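**Student:** pasting the sequence and the predicted model now:
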Amino acid sequence: MRRSLSAVLVVGLLSGSGVVSAAPADPAYPSAEWAAREAANFAKVAEAPAEQVDPAFQQRWNEQSVANRNEQVARDNADPNWNSRGNACASWGGPCTGDPYRYPGVDPFYANEGDVVAVNFYDKEGARLSGRVWAPKGSAAGAGLPGVVIITGSVQAPETLYWWMAQDLVRAGYAVLTFDVRGQGRSDNRTRDGQSGTNINSAVFATNLIDAIDFFRSSPARPYPHNARFPEVATTPSNPIWDRLDPERLGIVGHSLGATGVSVVQGIADWPGAMDAANPVDVAVAWDNVSATGSLAGHTVEPRVPMMGQSGDYYLAPTPYTSPPDPQSKKLGFNRWRDAGIPAYQLQIRGGSHYEWSLLPGFPTSSWDWGNPLANHYTLAWLDRWLKLDGEAGYRDADARLLADGDWRDRLSFYFPSARAFPDRRGVWWRCEDMLREDCPAGDGLPFGWGGAARRR
C-alpha cells in the first residue's frame, strides 16, 4: 500500500530524519577545546586540493585543460567576431576547466542522458554571450519540462564550474540554460561601445540574467530580439529546445555575485525583459547568503518568490576563526523573506568555503564529496517543491527531502544556524531557526498563508 506524504513525513520524523535533537553544548571560548574544534573545522577547506593531487586526476585535468584551450582557439579562428580577450577564463583552461570528468567523450552523460546544444546570443547592450541549453536525452516537443537558468559567480567564474547542477537537473527532468556573463568565460569581454562586464560592471549579474531568461523563453515564432541589432554575426535565433519547455514553470539559480543577481531579479515587479509582460520567475536558489538588501542595475532586493540560500563557514580566502563569529550574520536575507511570510530556507555548510558550488580544481574547499552533495540535494529538492507537478518525478517526496535533517546534520555548520520556513504540500508550515541546535517542530499546523507569487504549488 502506498503511504501518503504525511505518513512518510511522520515516519521520517520519528526515525530521526526530520527532528534534530539538542546538540552538545559548544566548547567554552576561549579554551583549548574551542581552538581544537576550529582547527579541525578549518582543515576541511584543504580536503579537495589534497584529494586532487592524485596523479589520475591531474592527468585528466591537464588533458581537458589543453583540449579546452585548443577548442577556444578554433572557435575564435572560425568566428573572429568573438571578443573574449581579457577574460581570464576565456579558454576554460586551468582551474576554469571545472570538474574534468564532466566533459563529452569522458562522461557518459552526454551519450546516455542529456541533449546539450551550444548557443550564443547578444545581451541587451550588445555583447555576445556564450552558453548551452540542456534537456533530457530524447525528450521531444510537448514534453512540458520545467526550466532553470543558472548564472555564474564573479571573479571570472565560467559556466563549466556549474555543469554538475545542470546534469543533475536534466536527470531530474528539467531543461536548463547555463551561460557565461559578459566579461567572463567565453562570452564577449565588453560591448562594441566599450561597456564592460563582470566585477567591473556588476550590473550584468542582473541584466544578463534577464537577457538569459529572455533567450530561454524565445521560440521560432518569437525570436530572441537583441540579436537583430547585429545581423552580420552568426547567433542562435531562439532557444533550440523551446518546444520541450513548460513556460509556466521557471526557476533561477546563481552563485556568489550571481546569488545577488537571483536575489534581485526574482523580485522585480516592473519586469524589464523583452519576452514577458510580468516577472516569470517562480522560485530561486542563491548559492550564497540570500541577499537582504542591495541593488543591481537600479533594482533592489524585494522578496517575492520562494528563496533558498546556501553558504559556507569560510569565504573567498579562507582564514580560521580566532573568536566565535556572529551566528546570525548569514541569515539576514532569510529573516527578511521569513518576516514577509514568503517561503525561505538558508543552509550553512560545516567547514565549507565559497567554492563549494564552483568546482575549481586546486581551490580551497571541502572534499567534493562533502559540501557539494549537500548543495545538490537541497537545491534539487527546493526546485522540485515549487516547480514539479503531481505525477512528475520529485513531486511527492520534495517535502520529505527538505526535512531530511538526519541525513545531513553532520554537514551543517555549528557556527551559523541553518533555518527554514516553508509550507509542505498539505499547507502546513515547517519553521525552524536552527536545524542543528534545537528540536525542529514537526509542522506547526498553521494554514498555508503565503500570498506571494501567483502560482502556488
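**Tutor:** Yes, it's here.
**Student:** can you list the low-confidence ranges for the stretch 351-457 of the chain?
**Tutor:** Scanning the stretch 351-457 of the chain for pLDDT under 70 picks out 437-438, 441-457.
**Student:** burial of the closest residue to residue 129 other than its chain neighbours, as a residue count?
**Tutor:** Once flanking residues are discounted, residue 129 sits nearest to residue 187: 4.6 Å by CB to CB, 6 or more residues apart in numbering. From N, CA and C alone the C-beta is placed, and that goes for glycine too. Each residue near residue 187 was counted by other CB atoms under 10 Å, and the total is 30.
**Student:** settle this for me: residue 187 is touching residue 181, isn't it.
**Tutor:** Yes: counting by CB atoms under 8 Å, residue 181 is a contact partner of residue 187 at 6.5 Å.
**Student:** in its sheet, what does the one helix or strand residue 285 maps to sit against?
**Tutor:** For residue 285, the host element (DSSP states H and E) is strand 283-287. Strand pairing for strand 283-287, using DSSP bridges, gives strand 245-255 (parallel), strand 307-312 (parallel).
**Student:** give me the pLDDT for the residue nearest to residue 129.
**Tutor:** Residue 187 is assigned a pLDDT of 96 by the prediction.
**Student:** contacting residues around the biggest helix by length in the chain?
**Tutor:** For the chain, the longest helix by residue count, based on DSSP state H, is helix 55-78. Helix 55-78 is contacted from outside by 51-52, 82, 84, 90-94, 96-97, 100-101, 103, 106, 186, 361, using CB atoms under 8 Å, 6 or more residues apart in numbering.
**Student:** now, which of those residues lie within strands?
**Tutor:** Among the contacts of helix 55-78, DSSP state E puts none in strands.
**Student:** the residues you listed, buried ones only, as a ChimeraX selection?
**Tutor:** Per 16 or more other CB atoms under 10 Å, the buried members of these correspond to this ChimeraX selection:
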select :52,82,84,90,91,92,93,94,96,97,100,103,186,361
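**Student:** can you list which of the contacts of helix 55-78 are found in helices?
**Tutor:** Using DSSP H, those in helices are residue 51.
**Student:** apart from its chain neighbours, what residue comes closest to the most centrally placed residue in the chain?
**Tutor:** With the centre of the chain defined as its mean C-alpha position, the nearest residue by CA atoms, centre = their mean is residue 253, 3.7 Å away. Spatial nearest neighbour of residue 253, excluding adjacent residues (CB to CB, 6+ apart): residue 285 at 4.4 Å.
**Student:** give me the neighbour count for that neighbour.
**Tutor:** By other CB under 10 Å, 29 other residues sit near residue 285.
**Student:** go on, residue 200?
**Tutor:** Neighbours of residue 200 under the rule other CB under 10 Å: 13.
**Student:** pLDDT score for the closest residue in space to it that isn't next to it in sequence?
**Tutor:** Nearest in space to residue 200, with sequence neighbours left out and distances taken as CB to CB, 6+ apart, is residue 183 at 6.7 Å. pLDDT recorded at residue 183 is 94.
**Student:** cool, residue 200 as well?
**Tutor:** Taking residue 200 on its own, its pLDDT is 74.
**Student:** ok, it to residue 254 distance?
**Tutor:** Residue 200 sits 18 Å away from residue 254, taking CB to CB, to the nearest Å as the criterion.
**Student:** now residue 352
**Tutor:** According to CB to CB, residue 352 and residue 254 sit 17 Å apart.
**Student:** could you find the closest non-adjacent residue to residue 51?
**Tutor:** Nearest one to residue 51, counting by CB to CB, 6+ apart, is residue 367 at 6.1 Å.
**Student:** host element of the one you found?
**Tutor:** Taking DSSP H and E as the definition, residue 367 sits outside all helices and strands.
**Student:** ok, now which ones touch the closest residue to residue 313 other than its chain neighbours?
**Tutor:** For residue 313, ignoring the flanking residues on the chain, the nearest one in space by CB to CB, 6+ apart is residue 413 at 5.3 Å. When contacts are counted by CB under 8 Å, 6+ apart, residue 413 touches 312-313, 348-352, 436.
**Student:** in a markdown table: those, plus distance to residue 239, secondary structure and neighbour count.
**Tutor:** As requested, the contacts of residue 413 are exported to a markdown table (distance: CB to CB, whole Å; DSSP: H, G, I helix; E, B strand; the rest coil; neighbours: other CB atoms under 10 Å):
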| residue | distance to residue 239 | secondary structure | neighbour count |
| --- | --- | --- | --- |
| 312 | 33 | strand | 28 |
| 313 | 39 | coil | 26 |
| 348 | 35 | strand | 25 |
| 349 | 33 | strand | 27 |
| 350 | 39 | coil | 23 |
| 351 | 39 | coil | 26 |
| 352 | 34 | coil | 29 |
| 436 | 42 | coil | 25 |
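**Student:** columns distance to residue 332 on top of those residues, output as CSV?
**Tutor:** Listed next are those as CSV, based on distance: CB to CB, whole Å:
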residue, distance to residue 332
312, 16
313, 17
348, 13
349, 18
350, 20
351, 22
352, 19
436, 19
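**Student:** what's the closest of these to residue 143?
**Tutor:** residue 349 (33.8 Å; CB to CB).
**Student:** hang on, isn't that closest one packed against residue 310?
**Tutor:** Yes: judged on CB under 8 Å, residue 349 makes contact with residue 310 at a distance of 7.0 Å.
**Student:** which neighbours do those two share?
**Tutor:** Both residue 349 and residue 310 are in contact with 356, 375, where contact means CB under 8 Å, 6+ apart.
**Student:** ok, residue 112 - contacts?
**Tutor:** Here residue 112 is in contact with residue 137 (CB under 8 Å, 6+ apart).
**Student:** I'd like the distance between it and residue 96.
**Tutor:** Distance from residue 112 to residue 96, counting by CB to CB: 26 Å.
**Student:** ok, back up a step: quick check: buried residues in the strand holding residue 285?
**Tutor:** 283-287.
**Student:** distance to residue 371 for those residues - can I get that in CSV?
**Tutor:** Conversion of those to CSV gives the following (distance: CB to CB, whole Å):
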residue, distance to residue 371
283, 22
284, 20
285, 15
286, 15
287, 11
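**Student:** farthest pair in those?
**Tutor:** The largest distance within these, taken as CB to CB, falls between 283 and 287 and amounts to 14.1 Å.
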